[in-house]
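Peer 1: structural data only, the sequence is not supplied:
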């Protein structure tokens, strides 16, 4: 169950990061509220996951899901640039996540 909590926490991290971008510096109410609720939910689920997962594993995977997810959302929905270096960086992050999961058996 901890891995499900961790995955959900990572997805909420992507949600709040995107909402924060849309909030225009917290000047728009709805995206600002989504940001705050997403942050609280993400931290709560991360805390639940950390009950049984090692700190380093949980935190690394949580931030990795958020980083790669935000990268993909930025490209797909915000028209951010795609180049070989950015893709290589995302691949390295995902590789690190896989290694972290495998080493936490």
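Peer 2: Arrived safely. The model shown is predicted, which means the values in this text are computed figures rather than measured ones.

Peer 1: drop to CA atoms for contacts and neighbour counts, all remaining ones
Peer 2: Will do.

Peer 1: ok, the residue nearest the centre of the chain to residue 27 distance?
Peer 2: Nearest to the mean C-alpha position of the chain, by C-alpha atoms, centre = their mean, lies residue 66 at 1.5 Å. From residue 66 over to residue 27 the distance is 23 Å, taken as C-alpha to C-alpha, to the nearest Å.

Peer 1: re earlier: ok, the residue nearest to the centre of the chain - contacts?
Peer 2: 10, 11, 13, 14 (C-alpha atoms under 8 Å, 6 or more residues apart in numbering).

Peer 1: ok, now residue 21?
Peer 2: Contacts for residue 21 (C-alpha under 8 Å, 6+ apart) come out as none.

Peer 1: could you report the pLDDT at it?
Peer 2: We have a pLDDT of 97 for residue 21.

Peer 1: likewise for residue 75?
Peer 2: We have a pLDDT of 96 for residue 75.

Peer 1: just checking, it touches residue 86?
Peer 2: No: counting by C-alpha atoms under 8 Å, residue 75 sits too far from residue 86 to count as a contact (10.6 Å).

Peer 1: circling back to that earlier point, local confidence estimate at the residue nearest to the centre of the chain?
Peer 2: With respect to pLDDT, residue 66 has a value of 95.

Peer 1: same deal with the one 4 residues further on?
Peer 2: We note a pLDDT of 96 for residue 70 in this prediction.

Peer 1: which strand or helix spans the residue nearest to it when sequence neighbours are not counted?
Peer 2: Counting by C-alpha to C-alpha, 6 or more residues apart in numbering, residue 70 lies nearest to residue 14, which is 5.5 Å off, once chain neighbours are set aside. Element membership of residue 14, judged by DSSP states H and E, is helix 2-22.

Peer 1: can you check residue 46 too?
Peer 2: Using DSSP H and E, residue 46 maps to helix 29-49.

Peer 1: okay, the angle between that helix and helix 2-22?
Peer 2: 160 degrees (axes from the mean of the first three to the mean of the last three C-alpha atoms, to 10 degrees).
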